[in-house]
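> sequence and predicted structure below; questions after.
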Amino acid sequence: MAQRLAKHWCLSAIRSPLQVISFPALQLHVSGTAMRADQKDFENAVTRVKLLKDPGNEMKLKLYALYKQATEGPCNVPKPGVFNLINKAKWDAWNALGSLPKETARQNYVDLVSSLSSSSASSSQVKPGADKEQQGSENLVVTSENGITKIMLNRPTKKNAITTQMYQEIILALKAASKDDSTITVLTGNGDYYCSGNDLSNFTDVLSGEIEEKVKSIAILLRDFVDCFIDFPKPLIAVVNGPAVGISVTLLGLFDAVYASDRATFHTPFSQLGQSPEGCSSYIFPKMMGPAKAKEMLIFGKKLTAGEACAQGLVTEVFPDSTFQTEVWTRLKAYSKLPPNAMRISKQIIRNMEKEKLHAVNAEEVSVLQERWLSDECINAVMNFLSKRAKL
Ligand SMILES: CCCCC/C=C/C(=O)SCCNC(=O)CCNC(=O)[C@H](O)C(C)(C)COP(=O)(O)OP(=O)(O)OC[C@H]1O[C@@H](n2cnc3c(N)ncnc32)[C@H](O)[C@@H]1OP(=O)(O)O
């Protein structure tokens, strides 16, 4: 099964064969190689590359070619047939490296990943300063105004599904918000959905290396991501503008207030996806709503309406969709004027009782999920979702 998935993932790494087939032969010489990359640097780069924002087909081919050259040496496998577009493009890229020594390929690979990492990190850096500051990236818009930092998921055509790049950007945005001069922080979505959860294609863009490594790097990312919510020091409010799925629901237990439109629904289809709960929900949900209701959601995937979620304690208050934004933002503006230190201290005293426990729960949930992601049940469910939408 793992092999079947690897094949599927590798194919989906290059989605547009016509685009890559015209890619010119390349002989890559990245400059700035004063420091020689050792095997450890190379392995780190292989792990890091899986967390990068999609660099595009051209760059993927460069990375692929350098990886092959660094690990196997010059290309000496038969050229794929003319109709095998994807593999032919990959073969061409590798073959174009000629007799480039393995060590140089390894160095070039490490340098290339470093340059991609720094450009992707700088595009999501949060800058201090002006009152209405626009930060983040295309998929995550961060603004700060009138004492409120707003982090908005901005991928409405994909129902705000969270990519690995977005997880990293949210971590950076939360870290910056914890230090900026705003009083409260808000997470919301753009468009008709709040968030459709984890982007299911996060598991598919394997360029090279083992699936197990990819899963390991996503597990580390997930743990860091949830840790940020556990440790966030200021009042954190979710403005749930529409349906919420998966991790966007489970995380709500770590917020200080959850305001929902009456159009919102709350769905955690983990069993359907062959997965298990995260976001500390396995601990918080039973405490919050009682074990019976929590299990209906987390084991059987029962979808709740906003009214039901409010009755279970997951949502603070529900507003009619027609007046949702006006009513909620009026409320938030008033909260943002409360004394910030008092709010932080009150949050701290409540959170500190449980912080250690929450970190332990997070670690345990992630470790279970890491195994789930490699299970037949999970692989089949993800492939099923993606294959229905495949455009190739
Ligand atoms: C760091 C790792 C964390 C791992 C832990 C997290 C776990 C989870 O979050 S589990 C939950 C995962 N999410 C889902 O299973 C939801 C999957 N999506 C759907 O079921 C549906 O798309 C929908 C109910 C959210 C919306 O249905 P509908 O109104 O019919 O709209 P479409 O299905 O046509 O979606 C429009 C567009 O958006 C893409 N999309 C939606 N959700 C996701 C997603 N989670 N991942 C990737 N892509 C998603 C969908 O494919 C459509 O794209 P196009 O076909 O390109 O238009």
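Everything's here; your move.

> give me the contact list for stretch 348-361.
Stretch 348-361 is contacted from outside by 227, 230-231, 233, 254, 280, 282-284, using C-beta atoms under 8 Å, 6 or more residues apart in numbering. From N, CA and C alone the C-beta is placed, and that goes for glycine too.

> quick one: residue 388 from the ligand, how far?
8 Å (C-beta to the nearest ligand atom, to the nearest Å).

> ramachandran angles for residue 318?
Here is the backbone geometry of residue 318 (degrees, to the nearest 10): phi -110, psi 140.

> isn't it up against residue 311?
No - using C-beta atoms under 8 Å, residue 318 is not in contact with residue 311; the gap is 9.7 Å.

> okay, these two: which has more neighbours?
Counted by other C-beta atoms under 10 Å, residue 318 and residue 311 do not tie: residue 318 has more neighbours, with 22 against 14.

> rewinding a little: quick one: which of the contacts of stretch 348-361 sit in helices?
Judged by DSSP state H, the subset of the contacts of stretch 348-361 located in helices is 227, 230-231, 282-284.

> pick out the most distant pair among the residues you listed.
Farthest pair in those (C-beta to C-beta) is 231 and 282. Separation: 19.0 Å.

> neighbour count: the two, which is higher?
Ranked by neighbour count (other C-beta under 10 Å), residue 231 and residue 282 place residue 282 first, with 18 against 15.

> hmm, residue 297 and the more buried one touching each other?
No - counting by C-beta under 8 Å, residue 282 stays clear of residue 297, with 11.0 Å between them.

> hmm, who's touching stretch 307-314?
Contacts of stretch 307-314 with the rest of the structure, by C-beta under 8 Å, 6+ apart, involve 249, 252-253, 258, 260, 262, 264, 266, 285, 288-289, 293, 304, 315-318.

> list buried residues within those residues.
The neighbour count (16 or more other C-beta atoms under 10 Å) marks 249, 252-253, 258, 260, 264, 266, 285, 289, 293, 304, 315-316, 318 as buried among the contacts of stretch 307-314.

> TSV please, covering these and showing pLDDT and distance to residue 191.
Output for these, formatted as TSV (pLDDT from 0 to 100; distance: C-beta to C-beta, whole Å):
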residue	pLDDT	distance to residue 191
249	98	17
252	98	19
253	98	24
258	99	19
260	98	16
264	98	13
266	98	17
285	98	27
289	98	28
293	98	29
304	98	21
315	98	20
316	98	22
318	98	19
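
> which parts of the stretch 151-300 of the chain sit against the ligand?
Those residues of the stretch 151-300 of the chain that sit near the ligand, judged by C-beta under 6 Å from any ligand atom, are 158-159, 161, 167, 196-201, 218, 221-222, 245-247, 269, 273, 275, 278.
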